[in-house]
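> 3D, please:
(one chain, ligands or ions: 1)
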Amino acid sequence: MEESKGTLAKKIVINSVIAYGVFGAVQVFYRLWKGFTVSSRMREVLKDMPATKGAGHDAPAGWIRDLQRNLYRLHDWRLEICEGRPISKNLGFSWSPAPYTLLANDPAIVRHILKDEFSKYTKPDSSIDPFFYYFEDFLGSGIFVQKHGVGSEDDGQEWTKMRKVSAQIFNRKNFNSMMQDVFIEKAEVLRRFLERKFVSEPASNADAVDIQACFFNFTFDSIMRIFFGEDTNTAEGQKNTYGQAFDDANAASRTHGVDSIAPFMIFTTFLPWPFGGKNGGFARAIYDFLSPQHRQLRRCTKILDREANRLVKNCLEDPKFSERKDLLALFLQAKFSSDFVKQMVLHLIIAGRDTTACLLSWMVYELTKNQDVQQRLHDEIMQKLPPGKAMDWKSLSPNEMPYLNGVIYEALRIWPPVPFDLKMAFEDDVLPGGWKVPKFASVAFIPYNMGRDPERYPEPLHFRPERWIPFNAPPQHEFPVFQAGPRICLGMDMAIFEAKTATVELLRHCRFEMVPGQEITYGDKITMDIKSNGKEQFLVYVKPW
Ligand code: HEM
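Here you go, the predicted model:
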């Protein structure tokens, strides 16, 4: 009796293992078959579109090796492989819909995906794109990762709500005037800090200032006050828990996202549920658990959450709550839940802080390379807005300060803070020019390439603010540095105003010179920062005029 019970249990175990083996094999086979069918169809639809330029780029995933070799100069590589083609393709794997990417440089196509057929193209699906999956892990489900249109489960209602609420608050007059005062005050703090670093000839390396770090501190301090009503002073070296956790989480989500591209493909395609499958199953949970980067991400998101709770609580308990004009208070006064508000604010920080700091860093880089431009800009500032004269939206407008405006636009053109961006097609489509797009292909628009197109901008690498005088705002789809269409950047005016304020305040007093011996390139983040001799920094000497 005992023996037959044991034999029965053994049989059950063996049969279960066999059944699971068959079930698993069927799953994997089904996924491969489905992936193969979808990707064959994508290739068929794309057969008339040229591949990007490069050996092997015609073959499925044939460009990946070339990409790996060129990662350190990614944007210039893209410029070369797309040259002269309104759109070109990078075919994905034969057994998966990922990563089929179409690289567009033609304004008509950009307009089509971002505006005319807006509802067909949205954020990539995190079950196809691991990078996006970890971005969501870090950012939760705020405005940046919300889908719209046919690719979203709620027909874009959540995104519409977030966009509406933030747009109303961004347009409020009192919020805008508060913003203006904060930027001016924080720019003054930075200027005083830099004046303490003044050097005379000859300067030594010990006197060098990492101006990029200064700009990241400036934009962080400004945003903390505008969004949270919190007074931080990282510009003068003060440490800040929220800022540190934010930077560390951002870096960890990116590194872990890139590292997990290959394991993600294996878990989702070759492992049966529940060990693998959609979103990677247990295998992915274990992989994440064992990864130091992912542990770092979890640790930081906990800190961010704790800090955000503290800020929300302080705000609600503030006796002056009803008079406060920071974004957090405005959201809470409008009775949005604190969870919604925490996410919104986190997204606005990621949207607004690094982008503007990158713009200012590249602008100073160009000013150090083009001392005649720096001199002319200083002259305009001393003539129109000398020290002591107040700045506001009007006095910084393109009409009042055309050269300053030209300098900012020229920096945005050559060094767009978001140099590359993509959307995923959630329906078959046909682009202007007759190019067919299959469902699940990603379509990228590339401000870096478009700003360096010699037909639109002759001698594109020459920094010439005069190109923008007199100023006619470029059509969004021809200059998609802030994106275009219904999802155009909400903070565009704020960013340009912030950059102008800082530029005027600094250039009134300080002159910048590049520290010699730096090999300047860009980093590999979503926002393009400066790398000098392999480090994320840009060293300058600060001198009086
Ligand atoms: C030079 C500075 C800036 C640049 C170049 C820039 C660029 C962009 C780009 C390219 C996008 C589209 C991203 C995507 O959905 O794929 C975007 C979206 C957005 N930006 Fe900016 N941005 C800048 C500054 C700011 C600032 C200061 C804020 C305000 C906090 C801000 C708020 C937003 C928001 C909320 C979105 C999402 C809009 C939506 O999805 O509906 N940005 N920005």
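> so what pLDDT did the closest residue to Lys525 other than its chain neighbours get?
The shortest distance from Lys525 to any non-neighbouring residue, by Cβ to Cβ, 6 or more residues apart in numbering, is to Arg254 (6.4 Å). All C-beta atoms are positioned from the backbone trio N, CA, C, and that covers glycine. Note for Arg254: predicted pLDDT of 79.
> ok, now the one 4 residues further on?
pLDDT for Val258: 77.
> returning to that earlier point: where does the residue nearest to Lys525 sit, in terms of helix or strand?
In this structure, Arg254 is located in helix 241-259 according to DSSP states H and E.
> Show me what counts as buried in that helix.
Judged by neighbour count (16 or more other Cβ atoms under 10 Å), helix 241-259 contains these buried residues: 242-243, 245-257, 259.
> Going by distance to Phe227, which of those wins?
Lowest distance from Phe227 to these (Cβ to Cβ) belongs to Tyr242, with 10.7 Å.
> picking up where we left off before, how far out from the middle of the chain is the helix holding Arg254?
Averaging C-alpha positions (Cα atoms, centre = their mean, to the nearest Å) puts helix 241-259 13 Å from its chain's average.
> what's the answer for stretch 446-454, then?
Offset of stretch 446-454 from its chain centre (Cα atoms, centre = their mean): 17 Å.
> Quote the end-to-end distance of that stretch.
Taking Cα to Cα, to the nearest Å, stretch 446-454 runs 15 Å from one end to the other.
> Next to the ligand in this structure, residues from the stretch 251-400 of the chain, please.
With Cβ under 6 Å from any ligand atom as the criterion, the stretch 251-400 of the chain meets the ligand at residues Leu348, Ala351, Gly352, Thr355, Thr356, Leu359.
> again, but for the chain
Counting by Cβ under 6 Å from any ligand atom, the chain comes close to the ligand at 143-144, 163, 166, 348, 351-352, 355-356, 359, 417-418, 421, 481-483, 487, 489-491, 494-495.
> and whichever residue of the chain sits closest to the ligand, what is it in contact with?
Residue nearest to the ligand within the chain: Gly491 (2.0 Å; Cβ to the nearest ligand atom). If you count contacts by Cβ atoms under 8 Å, 6 or more residues apart in numbering, Gly491 has them with Phe170, Leu348, Ala351, Gly352.
> Tell me which two in those residues are the farthest apart.
The span of those, defined through Cβ to Cβ, is set by Phe170 and Ala351 at 11.4 Å.
> Need the residues touching each of these two.
In contact with both Phe170 and Ala351: Leu490, Gly491, using Cβ under 8 Å, 6+ apart.
> So for those two, which residue has more residues nearby?
Between Phe170 and Ala351, counting by other Cβ atoms under 10 Å, Ala351 is the more crowded of the two (21 against 18).
> I'd like the distance between that one and Ser442.
Separation of Ala351 from Ser442 (Cβ to Cβ, to the nearest Å): 21 Å.
> quick one: which of the buried residues of helix 241-259 is nearest Val341?
Of all the buried residues of helix 241-259, Val341 sits closest to Tyr242, with 15.0 Å by Cβ to Cβ.
> Please tell me I have it right and the closest one contacts Met224.
Yes: at 7.3 Å, Tyr242 counts as touching Met224 under the criterion of Cβ atoms under 8 Å.
> Please enumerate the shared neighbours of those two.
Counting by Cβ under 8 Å, 6+ apart, the residues touching both Tyr242 and Met224 are Glu230, Thr232.
> Can you list which of the residues of the chain next to the ligand are found in strands?
Of the residues of the chain next to the ligand, the ones assigned to strands by DSSP state E are Asp421.
> The residues of the chain next to the ligand in helices, which ones?
Here DSSP state H is the test, and these give Arg163, Ser166, Leu348, Ala351, Gly352, Thr355, Thr356, Leu359, Met494, Ala495 as lying in helices.
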